[in-house]
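Enquirer: no sequence for this one, just the structure:
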C-alpha cells in the first residue's frame with residue numbers, strides 16, 4: 001500500500017490534433033500502483049471560464065483524447081496521477097494549438113469558350129495550406 005502521494009506523470013506528448021480535439025499520452029512515472037489519472041486542460045490567452053482548468057477524471061490508461069475544444073485555439077494540458085493516498089502534483093504542461101476548421105473549397109465561376117461568364121465550372125484553389133503539429137510546435141505548409 002502506498003505511503004506517499006504519487007509522483008507526477010512524465011513525458012506528456014501530444015499524439016494527434018484536430019479542430020476540436022487533442023490526443024495525448026504519458027508515462028506513469030510511478031513505481032507504486034496508480035488507480036487512475038486526471039487530465040486537466042484550459043484555453044490559453046483567454047479570460048473567464050475558458051481560462052479555468054477543466055478536467056477529465058478517472059482515466060485508467062496512459063492516453064486520452066480531449067474532445068469539445070474550439071478550433072484554432074491554444075490549450076494547455078497537464079496530467080495528474082491518482083492513488084489511494086490522493087492526487088499527485090501536475091505534470092509539466094504541454095501547449096498545443098487545435099487545427100483550423102475545414103471549409104469547403106471555394107467555387108469560382110470560369111468562362112467557357114463561347115459561353116461567356118457564368119459557365120458554372122467549379123475549380124479548386126491553386127494553393128492549399130495545411131497545418132501540422134510536430135512536438136507541440138505548429139507549422140503552416142503550402143501544398
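Expert: It's in. Worth saying up front: this structure is predicted, and the values here are computed from it rather than measured.
Enquirer: bridged to residue 97, which residues?
Expert: residue 74 (DSSP bridges).
Enquirer: just to check, it is in contact with residue 71?
Expert: No: under the criterion of C-beta atoms under 8 Å, residue 97 makes no contact with residue 71, lying 9.8 Å away. Using the backbone N, CA and C atoms, a C-beta is placed for each residue, glycine as well.
Enquirer: between the two, tell me which one has more neighbours.
Expert: residue 97 (18 against 13; other C-beta atoms under 10 Å).
Enquirer: tell me which residue is most central in the chain.
Expert: residue 22 (2.4 Å; C-alpha atoms, centre = their mean).
Enquirer: so what pLDDT did it get?
Expert: Reported pLDDT at residue 22 in the predicted model: 98.
Enquirer: got any ranges where this protein has weak pLDDT?
Expert: 1, 104-143 (pLDDT under 70).
Enquirer: which parts of it are strands?
Expert: For the chain, applying DSSP state E gives strands covering 10-17, 21-27, 36-43, 54-59, 63-67, 74-82, 94-97, 129-134, 137-142.
Enquirer: format those strands as a markdown table; extra columns: distance to residue 3.
Expert: Below are the strands of the chain laid out as a markdown table (distance: least, C-beta to C-beta, whole Å):
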| stretch | distance to residue 3 |
| --- | --- |
| strand 10-17 | 21 |
| strand 21-27 | 22 |
| strand 36-43 | 19 |
| strand 54-59 | 23 |
| strand 63-67 | 28 |
| strand 74-82 | 15 |
| strand 94-97 | 30 |
| strand 129-134 | 40 |
| strand 137-142 | 40 |
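Enquirer: out of those strands, nearest to residue 4?
Expert: Nearest to residue 4 among these is strand 74-82; the distance by C-beta to C-beta comes to 11.6 Å.
Enquirer: so how many other residues sit close to the closest residue to residue 56 other than its chain neighbours?
Expert: Counting by C-beta to C-beta, 6 or more residues apart in numbering, residue 56 lies nearest to residue 39, which is 4.6 Å off, once chain neighbours are set aside. Neighbours of residue 39 under the rule other C-beta under 10 Å: 24.
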